[in-house]
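> Sharing a model prediction with you, sequence too.
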Amino acid sequence: MKKRIISVLLVGLLAVGLIACQKNSKKEPENVNNEESSEEDFVYNIAACLSEDNDYNRNLLKGFEDCVGDYVGADHIKVTVYTTSEDMASDDVVKKALATSPDMIFTAGKATLTSATTATEAIPIVATGIVDFKGTLRITSLDGKSWDKTTGRNVTGVSSKPSIVDQVSLMIESTKDLQTVGILFSPEDTDAIYQNEIFESYLDQAGIPWKEYLIPASDSAIGGAEDQNSTALTPSKYTAYSAKTGIDDTVITLGDDSILGLNSPSSTRVAEQSAFWTGGKTTAGRTLADEAEIAEEEEPEKSEESESEEEPTLESRIQEACDECSVIYIPFGSILTDQMDVIGSITTESQVVVVAGDTTIADNALVTLFTDPYSLGYQAGKKAVRVFNGDDIATIKISNGDSDDDVKLYNGAIAEKYGIEFPKSFSELKDFLSTYEYGSSTTRHSESEEE
């Protein structure tokens, strides 16, 4: 079955690759020629607003700053960094940045992009660290037309969403007995839901059964999601964006209050499963559905009252996923990160493959793809240079990172427990991360390249 799945998927991946090659033609910026200053003493004032102070965002900024400096000249840019904190929310950060009258705003992360787009429609904004630009910017497609990747306003940027099709290939390559796939999500995590639905569409194309498992987010994670103004359950003017159905801005009011209301039912996510789902992976020639039926016959009956009082724990829900699935997928930037120690302990004990969307949770996963955030920042910098060259930012397309530079990583400790040996096309997680220099795989612009 696995060979059939791979052959079917490869045909689909080839078609996707051909389309991507046609659409991903990149317009390289030219060196800025500022005609207003014959003495070349111009300086662009750039306000960099980071949604979080972490290595990922700092490397995004480093790539962006290096790129603009490479094209414009490091002496002709001044980058001032503003970062959110417990004492300064994203709105405050952007307000402080705007007080300096910047020529451009660079944002890393959803919170500062949302605040910046609310605060100004005039100053150009170049953003990255965003999984879903369309959902974040509340862009709706008109007349059934697909989105052309332009925002039509003062925003452009580079998405941090990893290549989902490459993650599916990684899953197939890393799983000995691929039968069923478990998809973890929290209703509050709109970015994860967006990626999950794309992942599921590829599984559907390959005929691989999948099932979603709702995992409640921790209180601290929910607080972080609310700060991003894009939750699916909280009273808000924002609603979740679905990769399948788009945006639904219908609001159901609470009582007589027409302002505060719960989001539309379609944006309140419930667990789903594929049309191919038949009850879980096969164990010794018998599905778990068969085993559950046998176990139910042997167990004493429970009253309706006792059943209603029982709430599934994190441990029981993850164990259920491990019992039913060969693989568990956790997307990039998941807010389940702070629960990964528990999740990883159970999945490893059950010897279930975990495909991680990023290296943040890779200690508790078997495989992941690594994308250098410096390279994403550098690509965002090229868009900034085009703006400085006079291109209309409203027409500069949002783009994705170059997946050709992604590195396949495996967790050596978990692989040893599973008895799996990986080919040379993979690198061991800890060995790679301990020696890798951010930006080392990025080809930078230089004057000599134009000569």
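Perfect, thanks for sending it. Residues are numbered from 1 along each chain as shown.
> Please count neighbours and contacts with C-alpha atoms only from this point.
Will do.
> which residues of the chain score low on pLDDT?
Where the chain drops to pLDDT under 70, the residues are 1-27, 32-40, 141-144, 219-268, 283-310, 447-451.
> Walk me through the domains of it.
Following automatic domain parsing, the chain resolves into domains at 27-160+372-404, 164-232+269-299+311-370.
> Not counting sequence-adjacent ones, nearest residue to residue 343?
Spatial nearest neighbour of residue 343, excluding adjacent residues (C-alpha to C-alpha, 6 or more residues apart in numbering): residue 318 at 6.5 Å.
> quick revisit: same list, the domains of the chain, but as a markdown table with mean neighbour count please.
Putting the domains of the chain into a markdown table (neighbours: other C-alpha atoms under 10 Å) gives the following:
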| stretch | mean neighbour count |
| --- | --- |
| domain 27-160+372-404 | 19 |
| domain 164-232+269-299+311-370 | 19 |
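> residue contacts, residue 168?
By C-alpha atoms under 8 Å, 6 or more residues apart in numbering, the contact set of residue 168 is 199, 202-203.
> quick one: which of those is nearest to residue 30?
Distances from residue 30 to these, taken as C-alpha to C-alpha, are shortest for residue 199 (36.7 Å).
> Confirm that that closest one sits in a helix.
Yes. Counting by DSSP: H, G, I helix; E, B strand; the rest coil, residue 199 is part of a helix.
> quick one: the spatially closest residue to it that is not a sequence neighbour and residue 269, what's the gap?
In space, and not counting its chain neighbours, residue 199 is closest to residue 164: 6.0 Å by C-alpha to C-alpha, 6+ apart. To residue 269, residue 164 is 21 Å away according to C-alpha to C-alpha, to the nearest Å.
> Next: residue 108.
Residue 108 is 27 Å from residue 269, by C-alpha to C-alpha.
> which residues are contacting stretch 94-104?
Contact partners of stretch 94-104, identified using C-alpha under 8 Å, 6+ apart, comprise 44-47, 49, 82, 112, 115-116, 119, 123-126.
> Max pairwise distance over the residues you listed: which two?
Pairwise over those, using C-alpha to C-alpha, the maximum falls at 44 and 115, 21.8 Å.
> Can you list phi and psi of residue 80 for me?
Backbone torsions for residue 80, taken as degrees, to the nearest 10, come to phi -110, psi 130.
> Let me fix that, I meant to ask about residue 102.
Main-chain torsions, residue 102, degrees, to the nearest 10: phi -70, psi 160.
> Quick check: the nearest residue in space to it that is not next to it in sequence vs residue 374, distance?
Once flanking residues are discounted, residue 102 sits nearest to residue 45: 5.0 Å by C-alpha to C-alpha, 6+ apart. Counting by C-alpha to C-alpha, the separation of residue 45 from residue 374 is 21 Å.
> Report the secondary structure state of residue 354.
strand.
> Correct me if wrong: it contacts residue 363.
No. Using C-alpha atoms under 8 Å, residue 354 makes no contact with residue 363, being 10.4 Å away.
> For stretch 339-354, what is the distance to the chain centroid?
21 Å (C-alpha atoms, centre = their mean, to the nearest Å).
> ends of stretch 426-441, how far apart?
End to end - C-alpha to C-alpha - stretch 426-441 spans 16 Å.
> Show the residue spans covered by the strands in the stretch 251-400 of the chain.
In the stretch 251-400 of the chain, the strands defined using DSSP state E, counting those that start in this stretch lie at 251-254, 257-263, 282-283, 286-287, 327-330, 353-356, 367-370, 399-400.
> Pull up the gap between residue 132 and residue 152, please.
From residue 132 to residue 152 the distance is 16 Å (C-alpha to C-alpha).
> and what of residue 382?
Per C-alpha to C-alpha, residue 382 is found 19 Å from residue 152.
> Tell me which helix or strand comes right after the helix or strand containing residue 48.
For residue 48, the enclosing helix or strand under DSSP states H and E is strand 44-50. With elements assigned by DSSP H and E, the helix or strand that comes after strand 44-50 is helix 55-72.
> Was I right to think residue 70 contacts residue 446?
Yes. If you go by C-alpha under 8 Å, residue 70 and residue 446 touch, sitting 6.4 Å apart.
> can you pull out the strands in the stretch 51-200 of the chain?
77-83, 104-108, 125-130, 155-159, 181-185.
> Using JSON lines, lay out those together with distance to residue 215.
Formatted as JSON lines, the strands of the stretch 51-200 of the chain follow (distance: least, C-alpha to C-alpha, whole Å):
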{"stretch": "strand 77-83", "distance to residue 215": "30"}
{"stretch": "strand 104-108", "distance to residue 215": "27"}
{"stretch": "strand 125-130", "distance to residue 215": "23"}
{"stretch": "strand 155-159", "distance to residue 215": "26"}
{"stretch": "strand 181-185", "distance to residue 215": "6"}
